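**Student:** what follows is a predicted protein model with its sequence.
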Amino acid sequence: MACRISELVLDCADPERLAAFWSEVLGYVELGREDDGSIEIGPPDAGFGGSQPTLVLSPSSDQRPGKLPLHIDVNATDRDQDAELERLFALGARTADVGQTGTESWHVLADPEGNEFCLLRRRLQPL
């Protein structure tokens, strides 16, 4: 028996802001809130334990010292990469420089708190 990823936890200064951002990016909805201020978002029809992992935005006042050792990759499902890039910029994403050469097929971006993620080229079928 193997394990599978059930949720990803992202420490952040403003869980409300990042929950709104990532909900729009991924088409997720709010699944719950904890007394500590954490907000869990996930697929609207599945929630925790479904085929896709949920995302927990956990409040933290710790400053991030450098590049995250883990980041999220996303793929568009209903448009090409250029159109999705424009949508992500409109939501508050910005370009991030992590040493890429400019010849990559993906775009390195940062969410509103500076957490890096990549928009990959290939379009995926929605679940």
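**Tutor:** Received the coordinates, thanks. Since we're looking at a predicted model, the values are computed, not measured.
**Student:** ranges for the strands of the protein?
**Tutor:** Along the chain, counting by DSSP state E, strands occupy 7-12, 29-33, 39-42, 54-59, 72-74, 94-95, 107-110, 116-119.
**Student:** where does this protein have low pLDDT?
**Tutor:** Applying pLDDT under 70 to the chain flags residues 1-3, 64-69, 127.
**Student:** switch the cut-off to 90
**Tutor:** Applying pLDDT under 90 to the chain flags the ranges 1-7, 9, 11, 45-53, 60-73, 98-99, 102, 115-116, 122-127.
**Student:** from the strands of the chain, which stretch is densest packed?
**Tutor:** Neighbour counts (mean count of other Cβ atoms under 10 Å) averaged over each of those peak at strand 39-42, with a mean of 23. Every C-beta, even on glycine, is put in place using the N, C-alpha and C of the backbone.
**Student:** in its sheet, what does that one sit against?
**Tutor:** strand 29-33 (antiparallel), strand 54-59 (antiparallel) (DSSP bridges).
**Student:** other residues contacting the last one?
**Tutor:** Okay, so that is strand 54-59. 6-15, 18-19, 22, 26, 28, 31, 36-43, 47-48 (Cβ atoms under 8 Å, 6 or more residues apart in numbering).
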